[in-house]
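**Q** what shape does this take:
(4 chains)
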There are 2 protein chains.
Amino acid sequence: MAKNKNTEQKIFDAATELFMEKGVDRTSVRDIASKAGINLALMNYYFRSKENLFDAIFTNLVKENTRELLKILDSDMDLEEKVQNYVNAYIDILTSNPLLVPFFMAIIHRSQDKITKMKMISNLYGTEKFSQQIVDEGKKGTIRRTDPSHFFVDMISLITFPFAIRPLIMDRNEMSAEDFNLFIHERKEHVTNLLLKNMKDC
Amino acid sequence: MAKNKNTEQKIFDAATELFMEKGVDRTSVRDIASKAGINLALMNYYFRSKENLFDAIFTNLVKENTRELLKILDSDMDLEEKVQNYVNAYIDILTSNPLLVPFFMAIIHRSQDKITKMKMISNLYGTEKFSQQIVDEGKKGTIRRTDPSHFFVDMISLITFPFAIRPLIMDRNEMSAEDFNLFIHERKEHVTNLLLKNMKDC
DNA sequence: GAGTGTTTAAAATATAGTTTAAAACAATAT
DNA sequence: ATATTGTTTTAAACTATATTTTAAACACTC
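**A** Below you'll find the model as predicted:
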């Protein structure tokens, strides 16, 4: 840990951790200040309010975690390779930060009014190009005709949902954090197969 | 005697709505009182505390919404019919109360410590009997050998996740609430097919 | 050492959940 | 019909904590 991180960054980091762990509403600015080792009022000095700080953190998290995924969707790989890459990359991202999904879920539920936030997560979603590719390959006959919106929802559901219910899965199957990661790792191939098999006629 | 049942129920109902809509932590007891049209102190009179009220509501919601699903899983249908019934029943329940999933997600994230709550949701999960059935039919050769825990996660993910991101789906595809219901209705068959097809060799 | 940006301490607001004490009510026994 | 009792409701107070604002202290640069 770099020891002279500037104060703004310390606040930002501490808040990020706390928001993800305990949820925005159960994190007080005192918690943030004390975790960052700074005075209470500094949060206000750097980010006018808690809500503002939250916005900054949220925007940052979305940017950090979508770039790679969108690049894959927009690339020129064929569908099969693309799905495979997307699933792997997405699961890798989430494995290295298992709280990302519950955090986003909470935000969707929490700030339905704030369309802006919605739009940002929404971009995690399929691009036009990807949808078109599914339609095209359906017409060409390389794959079964598939509704892109259902396909996309399937894919995201299968990838992300296990992280949303991670505590339940771990509890029920008596898994450690490592066990869970193993389980999730298995899902890379499992989900890819499930999705691709469904696209093929048979 | 009739009147007090009324008040208690009014509090219970108002709180249920608010908790599901805005989340537990963003709902104040004053909100509840005003929505229920009762005095602030009555909440404490009937349910000792907000957390207590929350527990009561939560327990009730779980009970209400799992009974039918567990009955299906424990029934003597063959696997194919069972999956079909489960998917349909689950989607019907969620369609008639689209906030159920986000609410449960929030709880999982919110009260990871409270094991009891975990266990309750956990029972939404596959029963032993169902898992065994998957293993058995795999051995018999009626279906491909399938890992029950992955299968179950797949099934729940595909059913419930769309509700967790409902605002996003609606926003992105410019859907009204009705459109969304239609989309979800389509998923009954879609998800069933996806799951069943994957269990067959081909 | 004046001026700048940064940090601290403390006061002022605001809102949360909970508790109290007494009034209003309903049912029943006198 | 009235007094007694237990239940339900009310308004206000209490306690705790969250958030925002203000002003002063510090430290660095020019």
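**Q** can you list contacts of the helix or strand bottoming out on mean pLDDT in chain A?
**A** Ranked by mean pLDDT, DSSP states H and E, the weakest helix or strand in chain A is helix A:115-122, scoring a mean of 74. Outside helix A:115-122, the residues that touch it by Cβ atoms under 8 Å, 6 or more residues apart in numbering or on different chains are A:55, A:58-59, A:62, A:104, A:107-108, A:111-112, B:165, B:167-168, B:171-172. C-beta: built from backbone N, CA, C; applies to glycine.
**Q** hmm, who's touching stretch A:55-74?
**A** A:12, A:15-16, A:19, A:47, A:82, A:85-86, A:89-90, A:93, A:97, A:100, A:103, A:107, A:117, A:120-121, A:123-124, A:126-127, A:129-130.
**Q** so for that stretch, what gets flagged as buried?
**A** A:55-58, A:61-62, A:65-66, A:69-70, A:72-73 (16 or more other Cβ atoms under 10 Å in any protein chain shown).
**Q** save the residues you listed as a markdown table, and put in secondary structure and pLDDT too.
**A** A markdown table is the format used below for those (DSSP: H, G, I helix; E, B strand; the rest coil; pLDDT from 0 to 100):
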| residue | secondary structure | pLDDT |
| --- | --- | --- |
| A:Asp55 | helix | 91 |
| A:Ala56 | helix | 92 |
| A:Ile57 | helix | 94 |
| A:Phe58 | helix | 92 |
| A:Leu61 | helix | 92 |
| A:Val62 | helix | 90 |
| A:Asn65 | helix | 91 |
| A:Thr66 | helix | 90 |
| A:Leu69 | helix | 94 |
| A:Leu70 | helix | 91 |
| A:Ile72 | helix | 95 |
| A:Leu73 | helix | 93 |
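**Q** just curious, which of these is nearest to DNA strand D?
**A** When these are compared for distance to DNA strand D (Cβ to the nearest atom of the strand), A:Asp55 wins out at 12.6 Å.
**Q** buried residues in the least confident helix or strand of chain A?
**A** Under 16+ other Cβ under 10 Å, the buried positions of helix A:115-122 are A:117-118, A:120-122.
**Q** what's the burial count for A:Gly23?
**A** 20 (other Cβ atoms under 10 Å in any protein chain shown).
**Q** now do A:Arg26
**A** Neighbour tally, A:Arg26, other Cβ under 10 Å: 15.
**Q** quickly list the domain ranges of chain A.
**A** Per automatic domain parsing, the domain ranges recorded for chain A read A:1-48, A:55-199.
**Q** so how far is the first residue of the last one from its last?
**A** In other words, domain A:55-199. When the termini of domain A:55-199 are compared using Cα to Cα, to the nearest Å, they are 39 Å apart.
**Q** is DNA strand C contacted by that domain?
**A** No - with Cβ under 7 Å from any atom of the strand as the criterion, DNA strand C is not reached by domain A:55-199; the gap is at least 14.7 Å.
**Q** and that domain with DNA strand D, contact?
**A** No - judged by Cβ under 7 Å from any atom of the strand, domain A:55-199 stays clear of DNA strand D, getting no closer than 12.6 Å.
**Q** roughly how far is that domain from the heart of the chain?
**A** When distances are taken as Cα atoms, centre = their mean, to the nearest Å, domain A:55-199 is centred 7 Å away from the chain's centroid.
**Q** hmm, back to that, buried ones among the contacts of stretch A:55-74?
**A** Here, 16+ other Cβ under 10 Å leaves A:12, A:15-16, A:19, A:47, A:82, A:85-86, A:89-90, A:93, A:100, A:103, A:107, A:117, A:120-121, A:123-124, A:126, A:130 buried among the contacts of stretch A:55-74.
**Q** A:Lys188: how many residues sit nearby?
**A** Counted with other Cβ under 10 Å, A:Lys188 comes out at 18.
**Q** which other helices and strands does the helix or strand containing it contact?
**A** Assigned by DSSP states H and E, A:Lys188 belongs to helix A:177-199. Secondary-structure packing of helix A:177-199 (3 or more Cβ pairs under 8 Å, 6 or more residues apart in numbering or on different chains; DSSP states H and E): helix A:79-96, helix A:148-164, helix A:166-172, helix B:148-164, helix B:177-199.
**Q** quick check: buried residues in the longest one?
**A** By that I understand helix B:177-199. Buried residues in helix B:177-199 (16+ other Cβ under 10 Å): B:180, B:183-184, B:187-188, B:190-192, B:194-195, B:198-199.
**Q** out of the residues you listed, which is nearest to A:Lys139?
**A** Checking the buried residues of helix B:177-199 against A:Lys139 with Cβ to Cβ, the nearest one is B:His190 at 19.6 Å.
**Q** residues in contact with that closest one?
**A** Counting by Cβ under 8 Å, 6+ apart, B:His190 touches A:147, A:150, A:154.
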